[in-house]
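Colleague: Structure for the following, please:
(one chain, ligands or ions: 1)
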Amino acid sequence: MAAPNESMPPQGPVPPGDRRSPEDPAGSAGPVPPAEPGTVRGAAPAGTPTLEPRPIPPMPVEPAAEPVPLTITGVQLFWLRMPLVAPFETSYGRVDRRECLLVRLEARHPEAGPVEGWGEVVADADPGYSYETTGTAWHVLSEFVLPALPGRTFETPGQWRAAFEWVRGHPMAKAGVEMALLDARSRARGVPLWQEYGGDPGRRRIPVGVSVGIQPTLDDLLATVERWLERGYRRIKIKIKPGYEVEPVRALRERFGDIPLMVDANAAYTLADAERLEALDGYGLMMIEQPLHEDDLLDHALLQRRLRTPVCLDESVRHVHAAREALVLGSGRIINIKQGRVGGPTDARMIHDLCRRHGIPVWCGGMLETGVGRAHNIALTTLPGFTLPGDTSGSNRYYHEDVIDPPVRVGPDGTIEVPQEPGLGFRVVPERVERYTVRHRSWRAS
Ligand SMILES: [Mg+2]
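Modeller: Numbering: from 1, shown residues only. Okay, here's the model as predicted:
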């Protein structure tokens, strides 16, 4: 058996005990030493794609946070079911209502006294976008995380992360709690939420785009896009699926000209479909989001090498480790950061920092959030690396009535104002949360 790092000559495997190698045909150098990191030995069989080695960036460090001692006195978990203003269709399915969890922390600060904090678990009711669902998040939070919180004191988000690092996966469930903790910290400190996220004070408004689901006909698509453009949205993203990509893009270009336009496949294609995606190259798209399987950074790297259009990763980046691997492999040129998908605000910030250092633009994706998640996304988007318009549309994009007051509003210039009041900057209306709640649990310090 050849050693794991030993290269194979093109004509066949090295016989057992044979010391010869392509570099040392005479076999005089003794056993072949392990390859240096970043080196490639031997030739790949004809037709086998290869990737050039790239430098491996160091892992980004967790951002420092001012100690703010918050003792958790109570936790509430709400399962909400909210009707959408219109059904939303992607390559994996169609929904007409939103099911999500809201986390409310009650905490005590030595000087500020009692404060609350709200966070949102962005998982969907079904596992179409990710394996996490509203139900799995309810299970993980109510069995393993939330009962352990009352009575504990966290001075930094890092302490919370360290305490629950043992919970493997389930990033959306954990992110909802960390968001609530950041909201409570900002209220205790009396600072706006964007400061907790480490945002840029100069960002008083954030540019936003809108995500348009798959429409029944091209006429419906053109009418829908026209409506959002009239409302000022800065860029249009349409959902695509195999067989529904070139036609809608061509129709939009013919009707609306050179608008900022991008497509999102939600992992519906394979490398065998590369020609369909190459056909989009002539339409000047800002990016093609998540064309391939969420776990396949290698095929994304191969696809990106065939496309002029930047590939943007969404589902593939579930943590900072994947972001780092994607950078090394060249799996895309843009990353969509969803703080729920990546495990919370701190992880989102670490991915942001990594991308910023390596010249990868990022933007903030959306999960049809209620106003709570939307407020957290606005705060996240104030970080300086968020240079592309995100999916944080106004509350009325999805809901007749949001759980916050006032609702998130998009100005005629396609931007949202960043709140400057302490906390979310929006009031969570308890009666509305109650109205849409179908399941509720609470835990208190004994
Ligand atoms: Mg997406």
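Colleague: who in the stretch 251-400 of the chain is up against the ion?
Modeller: 264, 289, 314 (C-beta under 5 Å from the ion). C-beta: built from backbone N, CA, C; applies to glycine.
Colleague: mind listing what the nearest residue to the second one once chain neighbours are set aside touches?
Modeller: Read it as E289. Distances taken as C-beta to C-beta, 6 or more residues apart in numbering put D264 closest to E289, at 3.9 Å, once the chain neighbours are dropped. Contacts for D264 were tallied using C-beta atoms under 8 Å, 6 or more residues apart in numbering; they are 90, 211, 237-240, 289-290, 314.
Colleague: Neighbours of P407, how many?
Modeller: Neighbour count for P407, taken as other C-beta atoms under 10 Å: 15.
Colleague: residues in contact with it?
Modeller: Contacts for P407 (C-beta under 8 Å, 6+ apart) come out as 371, 394-396, 399.
Colleague: gap between Y269 and L307?
Modeller: 12 Å (C-beta to C-beta, to the nearest Å).
Colleague: repeat for A137
Modeller: 35 Å.
Colleague: higher neighbour count, these two?
Modeller: Set side by side, A137 and L307 show more neighbours around A137, with 27 against 19, by other C-beta under 10 Å.
Colleague: What ranges does this structure have for its helices?
Modeller: Applying DSSP state H to the chain gives helices spanning 134-140, 157-163, 171-189, 193-196, 218-230, 246-256, 274-278, 297-306, 320-329, 345-357, 371-380, 430-436.
Colleague: Quick one: the ones you listed as CSV, columns for mean pLDDT too.
Modeller: Converted to CSV, the helices of the chain look like this (pLDDT from 0 to 100):
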stretch, mean pLDDT
helix 134-140, 98
helix 157-163, 96
helix 171-189, 98
helix 193-196, 98
helix 218-230, 96
helix 246-256, 98
helix 274-278, 96
helix 297-306, 97
helix 320-329, 97
helix 345-357, 98
helix 371-380, 98
helix 430-436, 98
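Colleague: thinking again about what came up before, buried ones from the contacts of P407, can you make that a PyMOL selection?
Modeller: In PyMOL, this line selects whichever of these come out buried by 16 or more other C-beta atoms under 10 Å:
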select buried, resi 371+394+395+399
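Colleague: Now this protein against the ion: closest residue?
Modeller: Here the chain gets closest to the ion at one residue, D314, 3.7 Å apart by C-beta to the ion.
Colleague: Find me the pLDDT at the closest residue to N396 other than its chain neighbours, would you?
Modeller: In space, and not counting its chain neighbours, N396 is closest to P407: 6.5 Å by C-beta to C-beta, 6+ apart. Listed pLDDT for P407 reads 97.
Colleague: ok, now how distant is P407 from E401?
Modeller: P407 sits 8 Å away from E401, going by C-beta to C-beta.
Colleague: Give the ranges of residues in this protein that sit below the confidence cut-off.
Modeller: Counting by pLDDT under 70, the chain has low-confidence residues at 1-43.
Colleague: Could you find the residue nearest the spatial middle of it?
Modeller: The centre of the chain sits closest to K338, judged by C-alpha atoms, centre = their mean, with a distance of 2.5 Å.
Colleague: Just confirm it contacts G365, I think it does.
Modeller: Yes. Contact criterion C-beta atoms under 8 Å: K338 and G365 qualify, at 4.4 Å.
Colleague: Residues that sit against both of the two, list them.
Modeller: Contact criterion C-beta under 8 Å, 6+ apart; residues shared by K338 and G365: D314.
Colleague: okay if I get the helices of the chain as a markdown table plus distance to R98?
Modeller: Formatted as a markdown table, the helices of the chain follow (distance: least, C-beta to C-beta, whole Å):
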| stretch | distance to R98 |
| --- | --- |
| helix 134-140 | 10 |
| helix 157-163 | 26 |
| helix 171-189 | 14 |
| helix 193-196 | 22 |
| helix 218-230 | 19 |
| helix 246-256 | 25 |
| helix 274-278 | 30 |
| helix 297-306 | 29 |
| helix 320-329 | 26 |
| helix 345-357 | 21 |
| helix 371-380 | 10 |
| helix 430-436 | 9 |
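Colleague: what's the closest of those helices to R204?
Modeller: Minimum separation from R204 across the helices of the chain (C-beta to C-beta) falls at helix 193-196, 9.8 Å.
Colleague: distance between the lengthiest strand in the chain and the chain's centre?
Modeller: Looking across the chain with DSSP state E, the single longest strand is strand 70-90. Per C-alpha atoms, centre = their mean, to the nearest Å, the displacement of strand 70-90 from the mean C-alpha position of its chain is 18 Å.
Colleague: Just want the angle from it to helix 371-380.
Modeller: 100 degrees (axes from the mean of the first three to the mean of the last three C-alpha atoms, to 10 degrees).
Colleague: what number of residues lie near the residue of the chain closest to the ion?
Modeller: When counting by other C-beta under 10 Å, one arrives at 22 neighbours for D314.
Colleague: Kindly report the residues of the stretch 101-250 of the chain close to the ion.
Modeller: Checking the stretch 101-250 of the chain against the ion by C-beta under 5 Å from the ion, there are no hits.
Colleague: what about 8 Å?
Modeller: S211 (C-beta under 8 Å from the ion).
Colleague: coming back round to it: can you say which of the helices of the chain is nearest to G414?
Modeller: helix 218-230 (9.3 Å).
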